[in-house]
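Q: Sequence plus predicted model, see below.
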Amino acid sequence: MNPPIIVTQLNEEQFAFYHENGYLAVDRVATEQEIAEIRTLYDRMFTSRTGRNVGDHFDLGGADEEGKEPLLVQILQPSKYFPELRETALYRNVEELIRQLLGPEAKFFGDHAINKPPKHGAETPWHQDEAYWDPGKDHRAISVWIPLQPATISNGCMHFIPGSHRLDVLEHRPIGDDRRVHGLEVVPGVFDFSGAVACELPSGGATFHGGRMLHYTPGNTTEDYRRALIIMGGLPTIPRLAPRRFPWIERQNTARAQRARQNIDPKLHAK
């Protein structure tokens, strides 16, 4: 028997709120039992540093130096390493909700996981997801952020600027203006973030936001890890008629990228 679907239909108010404000919070997208099972798997993948040798495990907030305690740990494509994740009700529920927001052609794009260590887990600075993406294309994607324990201001819940999804991609830079850091932040002084809204959530809740929505999470000052799983989906990208550049990506030189380049399959590269 398949795990149960928790949320099958957004109501008109939720649908309108998302398209007006650019984000949406939902209290539950999976059962407590399934979230507990995913949390066990999540902790195992971070303890074993899954994907480290190919650049999929790295410090998002620091220079990712071996032997130095990370500030903000990320794993790219966890479902590539643990394909059973794709079989959960959580992933099916999220994909269904993305289709409701973007249309029936929307599909799963990928996933990643961000783990903030207890007491000293760094903030994730204000940014737009599209600042990381291919500047030669227009994107129609949604990121769904799911906490695997209650998400609070103290441990790093999501914050949004309502309506900021209508902005162009703002000027970004590597965090701290350090080109060795993978994470990005909006250049200080470019935008006023005083209108931020915090979205505290129960375990297994979710927030939905598009690629240009400004968002932020505070540092983790609690005694436990702040575990977040992010599932992405959307419509096919469209080549842009007007070219653009993201110079902040061009100037980065991260240890994560170096590990990824060193582990490219030469047969695939030749194609």
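A: Nice, I can see it. Keep in mind it's a predicted model, so treat the numbers as computed, not measured.

Q: Longest helix in this structure, please.
A: Using DSSP state H to define each element, the chain has its longest helix at helix 32-47.

Q: and the next element down the chain from that one?
A: strand 57-59 (DSSP states H and E).

Q: So which elements touch that next one?
A: Judged by 3 or more Cβ pairs under 8 Å, 6 or more residues apart in numbering; DSSP states H and E, the packing partners of strand 57-59 are strand 73-76, helix 255-262. The C-beta positions use only the backbone N, C-alpha and C, and glycine is treated the same way.

Q: quick one: strands adjacent to it?
A: Strand 57-59 has the following strand partners under DSSP bridges: strand 73-76 (antiparallel).

Q: Let me see the residues that make contact with the strand it pairs with.
A: Strand 73-76 is contacted from outside by 45-46, 50-51, 55-60, 81, 110, 112-117, 182, using Cβ atoms under 8 Å, 6 or more residues apart in numbering.

Q: Now do it, average pLDDT.
A: Across strand 73-76, pLDDT averages out at 96.

Q: For Ser203, list the residues it contacts.
A: Counting by Cβ under 8 Å, 6+ apart, Ser203 has contacts Glu32, Ile35, Pro147, Leu148, Gln149, Pro150, Ala151.

Q: The fifth one against Thr222, yeah?
A: In this case it means Gln149. No. Judged on Cβ atoms under 8 Å, Gln149 makes no contact with Thr222 at a distance of 9.3 Å.

Q: can you list residues touching both of these two?
A: Here Gln149 and Thr222 have Asn155 as joint contacts, going by Cβ under 8 Å, 6+ apart.

Q: Could you look up the SS state of the residue nearest the centre of the chain?
A: Centroid check for the chain by Cα atoms, centre = their mean gives Ile230 as the closest residue, at 4.6 Å. Classification of Ile230 by DSSP: H, G, I helix; E, B strand; the rest coil places it in strand.

Q: just checking, it touches Ile142?
A: No. Contact status for Ile230 versus Ile142: not in contact, 10.5 Å apart, counting by Cβ under 8 Å.

Q: list the contacts for Asn155?
A: Counting by Cβ under 8 Å, 6+ apart, Asn155 has contacts Lys116, Gly121, Gln149, Asn220, Thr221, Thr222, Asp224, Arg226.

Q: can you pick the most crowded of the residues you listed?
A: Neighbour counts for those, by other Cβ atoms under 10 Å, peak at Lys116, which reaches 29 neighbours.

Q: Looks to me like Glu20 is in a helix.
A: Yes. The assignment for Glu20 (three-state DSSP) places it in a helix.

Q: What's the local residue count around it?
A: Using other Cβ under 10 Å: Glu20 sits among 11 other residues.

Q: Next up, the contacts around it.
A: Counted by Cβ under 8 Å, 6+ apart, Glu20 has contacts Gly163.

Q: and the gap between it and Gly163?
A: 8 Å (Cβ to Cβ, to the nearest Å).

Q: One more: Leu85?
A: Taken as Cβ to Cβ, the span from Leu85 to Gly163 is 33 Å.

Q: Please say which of the two ends up with more neighbours.
A: Shown here are Leu85 and Gly163; by other Cβ under 10 Å, Leu85 has more neighbours (20 against 14).

Q: Put together TSV for the contacts of Asn155, with pLDDT and secondary structure on each row.
A: Below are the contacts of Asn155 laid out as TSV (pLDDT from 0 to 100; DSSP: H, G, I helix; E, B strand; the rest coil):
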residue	pLDDT	secondary structure
Lys116	96	strand
Gly121	78	strand
Gln149	97	coil
Asn220	96	strand
Thr221	96	coil
Thr222	97	coil
Asp224	96	coil
Arg226	97	strand
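
Q: Pick out the most distant pair among those.
A: Gln149 and Thr221 (14.3 Å; Cβ to Cβ).

Q: can you count the residues close to the nearest residue to His215 once chain neighbours are set aside?
A: In space, and not counting its chain neighbours, His215 is closest to Phe160: 5.2 Å by Cβ to Cβ, 6 or more residues apart in numbering. Residues contacting Phe160 under the criterion other Cβ under 10 Å number 23.
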